[in-house]
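Chemist: What follows is a predicted structure for the sequence shown.
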Amino acid sequence: MSDHATTAPAPLPPAAAGPPPPPPGGRPLTATLVRLKLSLLRNGLRQSSGRRAAYLASAVVSLLFAALLVLGLVALRGHPYAPTVTLVLAAALALGWAVMPLFFPSGDETLDPTRLVMLPLRPEPLVRSLLVASLVGLGPFFTLCLLTGSLVALAHGWAAAAVAIPAGVLTLLVCVALARAVAAANTRLLTSRKGRDLAVLSGLIIAVGAQVVNFAVQRIGSAGGLSQLDPAVAVLRWTPPVSALSSVEEAGRGQWGEALAQLVLAAVALGLLLLWWRRSLTKLMTAPDGSTLGAADGPARKNRAGRASRLTRYSYALAPAGRERERTAAAIERSLRYMWRDPKTKAAWITSLAIGLIVPVFNAVQGSGSVYLACFAAGMLGVQMYNQFGQDTSAFWMVALTISSARDAYVELRARALALLTVTLPYATLVTVLTAALLGAWTQLPEALGLSYALLGAMTATGAWASARYAYAIPQEGNKNVAPGQAGLAWISVLGGMVAGAALCLPLVGLQIGLHVGGAHGWLWVMLPAGVGYGTLLAYAGLRVAAPRTAGRLPEILGAVSRG
């Protein structure tokens with residue numbers, strides 16, 4: 001037996017008692033999300049030099065614009081219309097925060113809360129932490145600068161200065177919470193195809209909005225100045241978050257009851273937005289999405305089948321009778337589906353429809369327009385006939401397999417032209433009639449309609465030829481509508497075709513001028529049937545000329561449209 005006593009190992013000293021782990025909703029979560037936001041900004045700048053240069057350029061422009069706005073608002077201090085300008089500007093700012101997530105969903109990766117659903121986080125602390133993290137970035141800084149200038153312009157006296165601090169904080173928080181609540185409530189939409197369509201259309205919305213603002217400014221300048229906004233400002237004073245800024249002015253005038261009520265109204269709006277945001281987060285974290293659901297149920301499939309069959313019947317009704325009717329109907333249906341479902345094609349169509357309406361109608365409302373400006377709509381819509389094969393991208397090879405002769409190419413081009421004319425003809429007619437109604441120029445309506453129809457026929461003819469001769473690719477990703485290296489083809493196709501289309505309409509324009517010069521005003525109605533007949537003849541001749549060229553250049557067209 002061994003003399004060495006067996007001793008048990010000495011017990012380990014007790015672990016030092018440390019602080020308990022912080023709760024998930026405590027300050028560490030907020031700090032983590034703030035660091036995450038900064039990391040996303042920093043890593044985004046490291047992706048490429050182009051993105052870094054674009055971000056720095058936008059930051060410099062935003063800072064300069066913010067500085068100019070602040071100086072302008074400070075200069076308004078004491079001006080009788082300072083409250084009107086600041087409150088309207090604050091309302092526009094809040095509207096921008098509300099619609100920003102809908103049209104720029106990819107501008108901020110943290111706007112998508114579904115990226116955090118797999119983490120053990122509860123909605124309440126997540127809302128607080130995300131709200132704080134949302135205050136990091138150029139947008140909140142720009143808003144803070146704008147609010148600072150507005151508060152300086154509105155605050156008069158120590159009482160107003162004391163109210164300005166909570167009013168500014170409330171306004172900033174309401175704007176940020178509004179953007180987050182809208183983004184959370186529409187997350188499923190923004191990550192779907194419809195959301196991508198909204199992002200593609202954002203440029204159009206901005207352009208149309210700029211035209212509306214320009215029109216409103218002109219109307220205000222010609223109708224008595226900013227006093228025309230007094231009724232709207234009276235409503236905005238009690239609309240959050242503008243009510244918070246209005247409380248500063250009321251406090252400066254000694255109206256403490258109204259100032260307190262407006263502050264409370266803004267605080268209640270903030271609470272309701274946070275509650276809406278919290279409920280949206282709860283739904284996103286608990287409700288299944290499309291990736292976890294099975295196939296659609298019977299009624300949904302039946303509805304989609306019903307819509308598809310209606311489109312098929314409509315396309316079949318448009319196709320001319322004959323042995324090629326089924327092929328023509330299928331090509332018409334394919335073109336109509338491109339208009340509705342392809343984001344780039346849809347964006348191009350909506351842009352043409354909107355601008356084609358805005359230019360003649362806005363000029364008519366301002367009293368400086370002409371009924372002949374309605375032809376602008378026909379020209380914008382006729383451009384959609386150009387580069388018909390570019391929207392097919394590399395899938396054009398399936399169309400090319402069905403074309404073995406000039407007759408096949410003619411049937412394909414005719415079907416695409418018929419699909420376009422189902423939209424362009426009634427819309428051009430509507431714009432022309434609306435412009436004539438606004439101007440009261442009913443006697444000039446037949447002339448304008450005849451010119452519009454002739455221009456549509458000319459654009460259809462030149463567009464068919466340009467589609468075969470100057471085809472180019474349309475990238476499916478990004479905001480570019482032309483593949484790199486093909487911008488020259490696009491310019492030649494569109495600009496050359498528009499000039500050629502206008503030149504083809506010169507005989508009809510000569511007929512109109514001759515009737516006016518000769519004093520035969522009673523015969524101007526002839527312009528309408530002449531325009532219909534001449535436009536139809538031009539479209540038919542253009543499709544006939546473009547068909548053999550299309551059939552002979554199928555490999556070249558496929559190579560050109562496949563580069564995107």
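Modeler: Yep, that arrived.

Chemist: Show the contacting residues for the residue nearest to residue 250 when sequence neighbours are not counted.
Modeler: In this structure, residue 250 finds its nearest non-sequential neighbour in residue 259, 4.0 Å apart by Cβ to Cβ, 6 or more residues apart in numbering. Backbone N, C-alpha and C define where each C-beta goes, glycine included. By Cβ atoms under 8 Å, 6 or more residues apart in numbering, the residues touching residue 259 are 163, 247, 248, 250, 251.

Chemist: Model confidence for residue 341, exactly?
Modeler: Residue 341 carries a pLDDT value of 78.

Chemist: Likewise for the one 3 residues further on?
Modeler: We note a pLDDT of 77 for residue 344 in this prediction.

Chemist: How about residue 545, nearest residue that isn't a chain neighbour?
Modeler: Nearest residue to residue 545, sequence neighbours excluded (Cβ to Cβ, 6+ apart): residue 465, at 6.1 Å.

Chemist: Could you do residue 281 as well?
Modeler: The shortest distance from residue 281 to any non-neighbouring residue, by Cβ to Cβ, 6+ apart, is to residue 123 (4.4 Å).

Chemist: That neighbour and residue 129: what is the separation?
Modeler: Distance, residue 123 to residue 129, using Cβ to Cβ, to the nearest Å: 11 Å.

Chemist: Neighbour count for those two, which is higher?
Modeler: residue 129 (23 against 20; other Cβ atoms under 10 Å).

Chemist: now the helix or strand harbouring the more buried one: mean pLDDT?
Modeler: Under the criterion of DSSP states H and E, residue 129 resides in helix 123-133. Across helix 123-133, pLDDT averages out at 84.

Chemist: what's it packed up against?
Modeler: helix 27-46, helix 158-185, helix 256-286 (3 or more Cβ pairs under 8 Å, 6 or more residues apart in numbering; DSSP states H and E).

Chemist: pLDDT at residue 292, what is it?
Modeler: pLDDT, residue 292: 48.

Chemist: can you pull the buried residues of the helix holding residue 129?
Modeler: Using 16 or more other Cβ atoms under 10 Å as the test for burial, helix 123-133 gives 123, 126, 127, 128, 129, 130, 131, 132, 133.

Chemist: contacting residues around the residue nearest to residue 281?
Modeler: 278, 281, 282, 285.

Chemist: From residue 132, how far out is it?
Modeler: 15 Å.

Chemist: now the contacts of residue 123 as TSV including pLDDT, distance to residue 520 and neighbour count?
Modeler: Below are those laid out as TSV (pLDDT from 0 to 100; distance: Cβ to Cβ, whole Å; neighbours: other Cβ atoms under 10 Å):
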residue	pLDDT	distance to residue 520	neighbour count
278	88	74	18
281	82	72	26
282	83	74	15
285	73	75	17
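
Chemist: for the stretch 351-500 of the chain, what spans make up the helices?
Modeler: In the stretch 351-500 of the chain, the segments counted as helices under DSSP state H, counting those that start in this stretch are 375-382, 396-401, 406-439, 445-469, 487-504.
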